[in-house]
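In: can you look at this prediction? I've put the sequence above it.
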Amino acid sequence: MKVLGFWNNKGGTGKTSLAFQAVCAFAVQNPNSSILVVDVCPQANLSELFLGGQEKDGGKNLLALHGDAFRRSIGGYFQERLPKPFDKSGISPSSFVSQPHSFNDKIPKNITLLAGDPLLELQSNAISTLANTQIPGTDSWAAVASWLRDFLEAAVDDYDYCFVDMNPSFSMYTQIALAACERLILPVTADDSSRRGIQNALSLIFGVKLPSDIYAEHNFHTRMGTGQIPLPKVHLVAKNRLTQYVRVAKGYAAVLNGISEDLLAIHKANPEFFTFSDVKDGLIDIKDFQTAGVVAFARGTPFVSMHSGTLSVATQRVQVNRGQLIENRDIIDQLAHQLW
């Protein structure tokens, strides 16, 4: 099973929208592949999209999964692991996953969902405590960090690809998700905080440019090495929500060029952190989705399943331009082609 994650330490970069659109397009491009989507976010926005969005009771459907006897969500799985954090035997992935197409017929049938859950926030302190428990002969942090890896290992015969959406944090449940990923997509927007976000992300994952050596012993990079867990590699940096004009505005371009320069410097020093040998191959431009993007979110409808014309959103009739929709599809298809 190949595992790719969408993450950035900064919020507001359009990570969830990119994950939703790209995974659905990838599923259509690979109809004979079985795909698992894991939503490791307490807000569970991605799950609500897959389950119907605002217009098709996505929130209500998500609550139904949470109310199931096995609590069909990442929170339900973690809840099972908490009493026996270091025992990975007996994991039953099918008890916690759902088929989003049965709730939302706009989602490709070859996608399975391990839904997000607000329970993650309640579980966070307990998970962190377990990870830092001192037990002779046991690497507690590595054992807990491997929870999602354990889940995927138990489901390895059921899925060809797994895509993981993570919230903009570096809490222990986010580290569990990162520890399961082989590749990462880091979305950025054209602002200085996004540039700092990329720098922070690389510091958190790879220990790049830490402010002091006192952090080295306990950082993610070191603990992954000690636990013999391979680090994920940066696969793509998606310059997201670019201006709708043909040329990127000068102010935006300056920041985005700065991000590219930062990547170039880090790549030159540590090429092993990346899947690409040329930074240009690791950058992709994503224009703003405009009205079609708003409709996609409201209706839980990916571009691959959306039709142009007048559609209902929150009791309002909204016009989706055909040319705009086709352009969005083309952009997302390109991103989906570059996932693997």
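Out: Received it, and whenever you're ready, just let me know what you need.
In: packing partners for the longest strand along the chain?
Out: Ranked by residue count under DSSP state E, the longest strand found in the chain is strand 233-242. The contact analysis (3 or more CB pairs under 8 Å, 6 or more residues apart in numbering; DSSP states H and E) places strand 233-242 against strand 183-188, helix 250-269, strand 283-287. C-betas here are computed from N, CA, C, even on glycine.
In: where among the ones you listed is average confidence lowest?
Out: For the helices and strands packed on strand 233-242, mean pLDDT drops lowest on helix 250-269, to a mean of 74.
In: mind showing which ranges of the stretch 51-200 of the chain have poor pLDDT?
Out: Counting by pLDDT under 70, the stretch 51-200 of the chain contains low-confidence residues at 190-195, 197.
In: most distant residue from the centre of this protein?
Out: Pro136 (34.4 Å; CA atoms, centre = their mean).
In: just want the most central residue of this protein.
Out: Closest-to-mean residue, the chain, CA atoms, centre = their mean: Asp165 / 2.1 Å.
In: what about that residue, which SS state?
Out: strand (DSSP: H, G, I helix; E, B strand; the rest coil).
In: got the contact list for the nearest residue in space to Pro232 that is not next to it in sequence?
Out: Excluding the flanking residues, the one nearest Pro232 by CB to CB, 6 or more residues apart in numbering is Cys181, at 4.1 Å. Residues in contact with Cys181 (CB atoms under 8 Å, 6 or more residues apart in numbering) are 3-5, 164, 232.
In: for Asp139, same thing?
Out: With contact set as CB under 8 Å, 6+ apart, Asp139 has these partners: 226-227.
In: pop out the phi and psi values for it.
Out: Main-chain dihedrals, Asp139, degrees, to the nearest 10: phi -90, psi 90.
In: what's the most buried one of the helices and strands packed on strand 233-242?
Out: Greatest average neighbour count among those goes to strand 183-188 (a mean of 25), per mean count of other CB atoms under 10 Å.
In: from the contact counts, what lies against that one?
Out: Using 3+ CB pairs under 8 Å, 6+ apart, strand 183-188 sits against strand 2-6, helix 15-29, helix 192-206, strand 233-242.
In: mind listing what's buried in stretch 322-336?
Out: 324-325, 327-329, 331-333, 335-336 (16 or more other CB atoms under 10 Å).
In: which residues are contacting stretch 89-97?
Out: With CB under 8 Å, 6+ apart as the test, stretch 89-97 has contacts from 36, 70-74, 76-77, 80, 112-114, 150-151, 154-155, 158.
In: tally of neighbours for the nearest residue to Leu231 once chain neighbours are set aside?
Out: Nearest residue to Leu231, sequence neighbours excluded (CB to CB, 6+ apart): Met224, at 5.4 Å. Using other CB atoms under 10 Å, the number of residues around Met224 comes to 22.
In: got the contact list for Met224?
Out: Shown in contact with Met224 (CB under 8 Å, 6+ apart): 142, 145, 179, 230-231.
In: go on, Ala44?
Out: Ala44 is in contact with 62, 73, 115-118, counting by CB under 8 Å, 6+ apart.
In: could you list which of those residues belong to helices?
Out: Residues of those located in helices (DSSP state H): Leu62.
In: follow-up on the earlier one: which residues does the residue nearest to the centre of the chain bridge with?
Out: Asp165 forms beta bridges with Phe6, Asp39, as assigned by DSSP bridges.
In: related to what we said a few turns ago, how about the secondary structure of the residue nearest to Leu231?
Out: Assigned with three-state DSSP, Met224 falls in the helix class.
In: mind checking how far it is from Leu264?
Out: Noted for Met224: a distance of 25 Å to Leu264, by CB to CB, to the nearest Å.
In: all the strands of the stretch 51-200 of the chain, in order from the start?
Out: Taking DSSP state E, counting those that start in this stretch, the strands of the stretch 51-200 of the chain run over residues 111-114, 161-166, 183-188.
In: let's have those in a markdown table, adding distance to Thr13.
Out: Shown next, in a markdown table, are those (distance: least, CB to CB, whole Å):
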| stretch | distance to Thr13 |
| --- | --- |
| strand 111-114 | 22 |
| strand 161-166 | 12 |
| strand 183-188 | 4 |
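In: what about the residue lying closest to Lys88 once chain neighbours are set aside, how many residues close to it?
Out: Spatially, and ignoring its direct neighbours in sequence, Lys88 is nearest to Asp150 (4.1 Å; CB to CB, 6+ apart). Counted by other CB under 10 Å, the residues lying close to Asp150 total 19.
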